[in-house]
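Novice: Turn this into a model:
(chains A and B)
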Amino acid sequence: MDHSDLLEPFDRMLAAIAAPEAVRAIEHGASPDAMWGAVAASGFLDALVPEAAGGFGLPAAAVQPLWQALGRHAVPLPVGETMIARALLAGAGVAAPGGPIVLTVAEPGQPVVVPLGRIAHHALVEQGDRIGLVEIALDETAVTGVAASLAARIACPPLGEAFGAPPGGLRPLAAILRAALIAGAADRVVTMTASYANERVQFGKPIGRQQALQQNMAVMAEDAVAARIASQLGCAAGFPPPLAAAATAKSVASSAAARIAATAHAVHGAIGISEEHDLQLFTRRLHEWRLADGSESWWNRLLGTARLASDAGSVDFVRAELDAKRPAV
Amino acid sequence: MFDTLTLAALPAADEALRPAIRAIADEARAAAPSDVRARSWSGFDRAFSRRLGEAGFLGLTLPRRYGGGEKGAFARFVVVEELLSAGAPVAAHWIADRQSAPLILNYGTEEQKERFIPRICRGELVFCIGMSEPGSGSDLASVRTRAERTEAGWRINGQKIWTTGAMHGDYMIALVRTSGTSEDRHRGLSQLIVDLKAPGVTVRPIVDLTGDAHFAEVFFEDVELPADALIGEEGEGWKQVTAELAFERSGPERIYSSVVLLDAWIAHLRSIGRDDPATLARVGDFTARLGTLRAMSIACTARLALGESPVVEASLVKDLGTSFEQELPASIGDDLASHPDEPVDPELYRTLLYVTHIAPSFSLRGGTREILRGIIARGMGLR
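Specialist: Alright, predicted model coming up:
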């Protein structure tokens, strides 16, 4: 089924409600309620919820472009996380609360930094092989001390009402979301950087005409496309994703994220690290999403373990783990 | 950016080719040690190529009336992926099948198509590509080899160099100047099909740093060619060469050059049972990137299958792919040598050093890294 007609209205809504000044306002303490209300009213929070339970029943592959759009607009709300949580809750027959939900894996009492933890009302928490909802109560220990960050350091109590975690737990689901967010922000950053390089004049010509910059920006574009394709691979093989698909997506996107942010700042020069320039809205998030839910090395170790357990050749391994688990064409 | 490069799947009809080509590839896998198989592109074996031709695995994208398979770019992807991941010796048909036959199909006369393409599809003709000259590498428009019109056809004088496979070749498709001077750049260039057995042609193999001779110098001294040696239009050589390079730059060949080494190293890790966190992370990193590059290569193939010439997309995949191919030997070398007490099989050691030494060629052949990044930058709107 073709779901490409969903992206355009979703993207249009995000452009209207999450312009850079609106993102900044929420980062500086303004209420996210109106922005959240607009997203909730759109119905997209139930994109992954089965149709029988009142949702859109979309496969992850169809939601991937929506998650990318969230990254492209630096949306300061856990929309993707809430989509995943609502799908899991619906699958378990648990009524979902109305507000924003984040995802985390944490033993009782163990503090974990969770992106957008300051915005969320609930966390869907994995403890052992169980998951359950925990209401978030922020106190002074939740402060990360990172400028303009909406992340919170959350320590969860032991789960009360809980149900079985999806195969592989919450991290593979969070990983494919993070990879898509990275791909979206990366695309925005590449576009911003190319555009800036064509405008900024030094030595009597646009800096984009300098071969040294062109070469670096070409590599940045390669990284951005690789992150996007890896993210698509992560979302192509179902919900929840197989381990190899999630690991490939998060590993490639995370390592690209840091390089893309570095090149974007190098090209923008001093203005790019100023608060008033929009670039930082996206590069701070690239780093935050890289570090969230397992960096490239964490996922590489899991994927490496699976690879060494197989006696297949390398090409056969990636075919079996990534291609063969996707729907046939 | 570059949104047309998007996840695509290999159609089931093309996947269906895999078992038959796998059977042939497996024989090649069993027939040679990994240091020989790591030479896949320069592994020259006419009998192997004829066998592929008989089995219908050459000229897959070409029309049936010329002996082709009349299938699409995805079919070629499956077959090439199987051959390269096995390290099969493909040099005797590689260039003819990938570039020369499609070029002749696109620009040749009916007589040229009938004369060359069926024999290429049977794996009987070896082609090479005469582009580089002593004074023309990345700056291809500066070629000086000159062809003059004669009563009977053409007379060529000049020299090509770094021509892959010329010592084995039956024909060369040479980019030559047919009018003007090198100051005229892209104007006045044409492509000629040169019979390498013609009087006046001298081929001198060049030994490379691995001890192989996979490329050669080719000298033309008053070489007389018939009028129908011209392929395409006189003066249109630049346009034709650009299209030809798009065939060369897309496809799975730009990600698998070091895959025989990767497999040999993983077999080593498995046999020795090493699975510390650093090793696992290295294995996982390679696996994630291989899977992504393969998906990118299939995405590029999907553009070819739609009849496009994805010049920028192919450059992007090739640059990322060759960087991966080059990082593999550097990283695997570090891995093995950081475990000096671990026994390393001599075959793995030879494979590692062969790939380490030849790896610089991965980002030279078919357009250097710097040229490709310039193409990508223009595709990004940088001027």
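
Novice: Residue of the stretch 51-200 of chain B closest to chain A, please.
Specialist: B:Ser85 (4.1 Å; Cβ to the nearest Cβ). Every residue, glycine included, has its C-beta placed from N, CA and C.

Novice: Okay, the residue nearest to that residue when sequence neighbours are not counted and B:Pro11: tell me how far apart.
Specialist: Nearest non-adjacent residue to B:Ser85, counting by Cβ to Cβ, 6 or more residues apart in numbering or on different chains: A:Val315, 4.1 Å away. To B:Pro11, A:Val315 is 18 Å away according to Cβ to Cβ, to the nearest Å.

Novice: And those two? Which one has more around it.
Specialist: A:Val315 (22 against 17; other Cβ atoms under 10 Å in any protein chain shown).

Novice: residues touching that one, list them.
Specialist: B:81, B:85, B:256, B:259, B:290, B:294 (Cβ atoms under 8 Å, 6 or more residues apart in numbering or on different chains).

Novice: Return the subset of those lying in helices.
Specialist: B:81, B:85, B:259, B:290, B:294 (DSSP state H).

Novice: Can you name the two of these that sit furthest apart?
Specialist: B:Glu81 and B:Leu290 (11.7 Å; Cβ to Cβ).

Novice: State the pLDDT value of the residue positioned nearest the centre of chain A.
Specialist: Closest residue to the average C-alpha location of chain A: A:Arg178 at 2.6 Å, with Cα atoms, centre = their mean. pLDDT, A:Arg178: 98.

Novice: residues in contact with it?
Specialist: If you count contacts by Cβ under 8 Å, 6+ apart, then A:Arg178 has A:250, A:253-254, A:289-290, A:292-293 around it.

Novice: now do 7 Å
Specialist: A:250, A:253, A:289, A:292-293 (Cβ atoms under 7 Å, 6 or more residues apart in numbering or on different chains).

Novice: Pretty sure it sits in a helix.
Specialist: Yes: under DSSP: H, G, I helix; E, B strand; the rest coil, A:Arg178 sits within a helix.

Novice: neighbours around residue 32, how many?
Specialist: All of this is about chain A. A:Pro32 has 23 nearby residues by other Cβ under 10 Å.

Novice: Wait, chain B was what I had in mind.
Specialist: 19.

Novice: How about B:Asp341?
Specialist: 4.

Novice: helix, strand or coil for it?
Specialist: Per three-state DSSP, B:Asp341 ends up coil.

Novice: can you give me the strands in chain A?
Specialist: Assigned strands in chain A, in chain order: A:101-105, A:111-114, A:122-127, A:130-135, A:152-155, A:163-164, A:201-202, A:205-206 (criterion: DSSP state E).

Novice: Name the residues that touch the fourth one?
Specialist: Strand A:130-135 has contacts (Cβ under 7 Å, 6+ apart) with A:88, A:121-125, A:156-157, A:159-165, A:170.

Novice: ditto for the last one
Specialist: Taking Cβ under 7 Å, 6+ apart as the criterion, the residues outside strand A:205-206 that touch it are A:197-200.

Novice: Output those of those residues also counted as contacts of chain B.
Specialist: Restricting the contacts of strand A:205-206 to those adjacent to chain B (criterion: Cβ under 7 Å from any Cβ of the partner chain) gives A:197-198.

Novice: Most neighbours among the contacts of strand A:205-206, please name it.
Specialist: A:Ala197 (24 neighbours).

Novice: Just give me the neighbour total for the closest residue in space to it that isn't next to it in sequence.
Specialist: Excluding its sequence neighbours, the residue lying closest to A:Ala197 (Cβ to Cβ, 6+ apart) is A:Gly208, at 3.3 Å. Number of residues near A:Gly208 (other Cβ under 10 Å) recorded here: 23.

Novice: residues in contact with A:Gly208?
Specialist: Per Cβ under 7 Å, 6+ apart, neighbours of A:Gly208: A:194, A:197-198, A:214, B:382-383.

Novice: The residue nearest to B:Phe57 when sequence neighbours are not counted in helix, strand or coil?
Specialist: Counting by Cβ to Cβ, 6+ apart, B:Phe57 lies nearest to B:Val79, which is 5.1 Å off, once chain neighbours are set aside. Of the three states, B:Val79 takes helix under three-state DSSP.

Novice: dump the residue contacts of B:Val79.
Specialist: B:17, B:21, B:57, B:60.

Novice: Equivalent analysis for A:Met35, please.
Specialist: Applying Cβ under 7 Å, 6+ apart to A:Met35 gives the contacts A:17-18, A:22, A:26, A:77.

Novice: secondary structure element for B:Phe44?
Specialist: Under the assignment given by DSSP states H and E, B:Phe44 is not contained in any helix or strand.

Novice: Surely it touches B:His93?
Specialist: No: using Cβ atoms under 7 Å, B:Phe44 is not in contact with B:His93; the gap is 9.9 Å.

Novice: which of these two has more neighbours?
Specialist: B:His93 (30 against 19).

Novice: How about the contacts made by the more buried one?
Specialist: Here B:His93 is in contact with B:49, B:52, B:58, B:123 (Cβ under 7 Å, 6+ apart).

Novice: Apply the buried test to these and list what passes.
Specialist: Among the contacts of B:His93, those buried by neighbour count (16 or more other Cβ atoms under 10 Å in any protein chain shown) are B:49, B:52, B:58, B:123.

Novice: Tabulate those residues in TSV, adding columns for distance to chain A.
Specialist: TSV is the format used below for these (distance: Cβ to the nearest Cβ, whole Å):
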residue	distance to chain A
B:Ser49	22
B:Leu52	19
B:Leu58	21
B:Gly123	24
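
Novice: Show me these that map onto strands.
Specialist: Short answer: the buried ones among the contacts of B:His93 have none in strands (DSSP E).

Novice: okay, the residues you listed in CSV with pLDDT next?
Specialist: Formatted as CSV, the buried ones among the contacts of B:His93 follow (pLDDT from 0 to 100):
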residue, pLDDT
B:Ser49, 98
B:Leu52, 98
B:Leu58, 97
B:Gly123, 97
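
Novice: how about those in TSV, adding distance to A:Arg326?
Specialist: Below are the buried ones among the contacts of B:His93 laid out as TSV (distance: Cβ to Cβ, whole Å):
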residue	distance to A:Arg326
B:Ser49	33
B:Leu52	29
B:Leu58	29
B:Gly123	34
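
Novice: Quickly check these for the two that are furthest apart.
Specialist: B:Ser49 and B:Leu58 (7.2 Å).
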